[in-house]
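Undergrad: build the 3D model from these lines:
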Amino acid sequence: MIDTKLLTQLRNVTGAGIADCKEALEEADNDIDQAVAILRKRGAIKANKKSDRDTNEGVIAQSLADHKVATVALASETDFAARDEEFIKTVNEFSKELLESTVDDFKKSAEAKIKDELTVKIGENLVLRVAEIVEGEVIGTYIHSNKKVAAVIALSSGSQELANDLAMQITAMSPRYIKPEDIPADEIDKEKDIYREQLKSEGKPAEMWEKIIPGKLSKFYQEVCLLNQTFIKDDKKKVQDIINESGDNIEVVKFSRYQI
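TA: Numbering: from 1, shown residues only. Modelled structure (predicted):
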């Protein structure tokens, strides 16, 4: 007996015809992963009209060399594709290729392979979401277990353990800036305007607003600035405290956070 919900899901995932999907589900005993694999082997999954489909799944991979890390994110339509061993292997190989190339050259070759080979083979819209190289004296990396969120950080000095801990912090807490001084003035002005409207609606006296706003800004900095965030491994300390305790003159040079 064919599960009609699975049949609809399989058609949406693969774009294959209804007869092909029924046969695949029957052969796979309603195991949709196995049915997708059967359709791929039969060439029933087509690449046409895939480019306008959403790509909200995928995999992130990183490759490291001395003072350098390459990050690649390949997005897919479904988690079925992202969990495929060949898909994961390809993304890992992409990151290694990027490490030995330039971003522009890598993008040309990778996007050609995605269009001419992978999209046809997998039968989904695939998008090269990230191709970035980060260099620095001390490089920290972290990829979440789901391979959909990752981070890279470059420090001026310090230990590898510290750098990796900070990359984990970035992955988990999503800072947008290193320190408050990095926030554009117009963004801070917008925040202040929002606070004034909030205080007005709360009935706070206007003469008190400018005294209250600095405290609200401090909380804002704790959310968006890495150095001001509470350290995920010790909620009694800020990230800046952890850096200070790790050595003198350690600076965060840059960081990047990636998410599919």
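Undergrad: tell me where the model's unsure across the stretch 1-150 of the chain.
TA: By pLDDT under 70, the low-scoring segments of the stretch 1-150 of the chain are 13, 44-54.
Undergrad: where along it do the helices fall?
TA: Using DSSP state H, counting those that start in this stretch, the helices of the stretch 1-150 of the chain run over residues 4-14, 18-28, 32-42, 79-82, 85-99, 103-113, 119-122.
Undergrad: of the ones you listed, give the one that comes closest to His144.
TA: helix 79-82 (13.3 Å; Cβ to Cβ). Where C-beta positions appear, they are placed from N, C-alpha and C, glycine not excepted.
Undergrad: same for that closest one, what does it pack against?
TA: With contacts defined as 3 or more Cβ pairs under 8 Å, 6 or more residues apart in numbering; DSSP states H and E, the packing partners of helix 79-82 are helix 32-42, strand 57-65.
Undergrad: helix 4-14 and the first one, what's the angle between them?
TA: Here the directions of helix 32-42 and helix 4-14 differ by 50 degrees (axes from the mean of the first three to the mean of the last three Cα atoms, to 10 degrees).
Undergrad: sorry, back to before: give me whichever of the helices of the stretch 1-150 of the chain is most buried.
TA: helix 79-82 (a mean of 22; mean count of other Cβ atoms under 10 Å).
Undergrad: who does the residue lying closest to Lys147 once chain neighbours are set aside bridge with?
TA: Excluding its sequence neighbours, the residue lying closest to Lys147 (Cβ to Cβ, 6 or more residues apart in numbering) is Val59, at 4.7 Å. Beta-bridge pairing for Val59 (DSSP bridges): Leu74.
Undergrad: can you check Val130 too?
TA: Counting by DSSP bridges, the residues bridging with Val130 are Ala73.
Undergrad: need the helices of the stretch 1-150 of the chain in a markdown table (columns: distance to Ala185).
TA: Listed next are the helices of the stretch 1-150 of the chain as a markdown table, based on distance: least, Cβ to Cβ, whole Å:
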| stretch | distance to Ala185 |
| --- | --- |
| helix 4-14 | 47 |
| helix 18-28 | 56 |
| helix 32-42 | 51 |
| helix 79-82 | 40 |
| helix 85-99 | 36 |
| helix 103-113 | 31 |
| helix 119-122 | 44 |
